[in-house]
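In: The sequence and its predicted three-dimensional model are supplied below.
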Amino acid sequence: MTDHLTIVTHPLVQHKLTLMRDKATPTGDFRRLLREISQLLAYEVTRELPMTTKPIETPIEEMDAPVLAGKKLALISILRAGNGLLDGVLELIPGARVGFVGLYRDEETLQPVQYYFKVPDGLEDRLVIAVDPMLATGNSSVAAIDLLKKAGANNIRFLCLLAAPEGVARMREAHPDVPIVTAAVDKKLNAKGYIVPGLGDAGDRMFGTK
């Protein structure tokens, strides 16, 4: 994975994203779709994981079979909406270590405010995948990556459902070494910092809050 931005155009991803965009989609369906789409996106973000082999015995014969190499990867949820992506990726990679970065966006300044940070040890030896459904202004995502790098992470990928051009540019400027995997890059941000056309506030739609 060398490109800074990967847009996953798989038909199932795009179909499920359309259902999530629809404002008539109820909370329960939105959560299920987010979990399903996160697994499909996880295939792309983990495409180039390092591999090794180990000897096993099949019912037919012995062989050297491929397995993942190195320490278990770390999944970092950017709270609170990141948990929706986290749940689906964990179903695919149940052995992953899990961490949380708590950031909320000040509605006046649109700048991130940190309130929680708890991550696995040994980040410097792990692939770290940060997950957050929306890459809007990019301020919170950049702040989260800053914190992860300070904690030792040096191999980081960012997984999101939707991105705005402004957020992609902000991340490329601040962290050009962090590849982004997303289902779509929309037109722009509006005056309130929401992605257009987007799907609204992912956290509110996932948890049924306003």
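Out: Here it is on my side, so go on.

In: Report the distance from the host helix or strand of residue 85 to the chain centre.
Out: Residue 85 is part of helix 82-92, with elements assigned from DSSP states H and E. Relative to its chain's centre, helix 82-92 lies at 9 Å (Cα atoms, centre = their mean, to the nearest Å).

In: For it, name the packing helices and strands.
Out: Here helix 82-92 touches helix 27-45, strand 74-79, strand 97-105, strand 128-131, going by 3 or more Cβ pairs under 8 Å, 6 or more residues apart in numbering; DSSP states H and E. Yep, even glycine has a C-beta here, placed from its N, CA and C like the rest.

In: pLDDT (mean, whole number) over that helix?
Out: For helix 82-92, mean pLDDT is 89.

In: what do you get for stretch 167-187?
Out: Here stretch 167-187 scores 96 as its mean pLDDT.

In: In it, which residues are buried?
Out: 167-168, 170-171, 175, 178-186 (16 or more other Cβ atoms under 10 Å).

In: And the helices in the chain, which stretches?
Out: 11-21, 27-45, 82-92, 139-150, 165-174, 202-207 (DSSP state H).

In: Now do the buried residues in the second one.
Out: By neighbour count on 16+ other Cβ under 10 Å, the buried set for helix 27-45 is 30-42, 44-45.

In: just the last one next, same as before
Out: Of the residues in helix 202-207, 202-203, 205-207 count as buried by neighbour count, 16+ other Cβ under 10 Å.

In: could you dump the helices of the chain to TSV with distance to residue 124?
Out: TSV is the format used below for the helices of the chain (distance: least, Cβ to Cβ, whole Å):
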stretch	distance to residue 124
helix 11-21	32
helix 27-45	20
helix 82-92	21
helix 139-150	10
helix 165-174	20
helix 202-207	30
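
In: which stretch among these comes nearest residue 123?
Out: Among the helices of the chain, helix 139-150 comes nearest to residue 123, with 6.8 Å by Cβ to Cβ.

In: Thanks again, I'm all set now.
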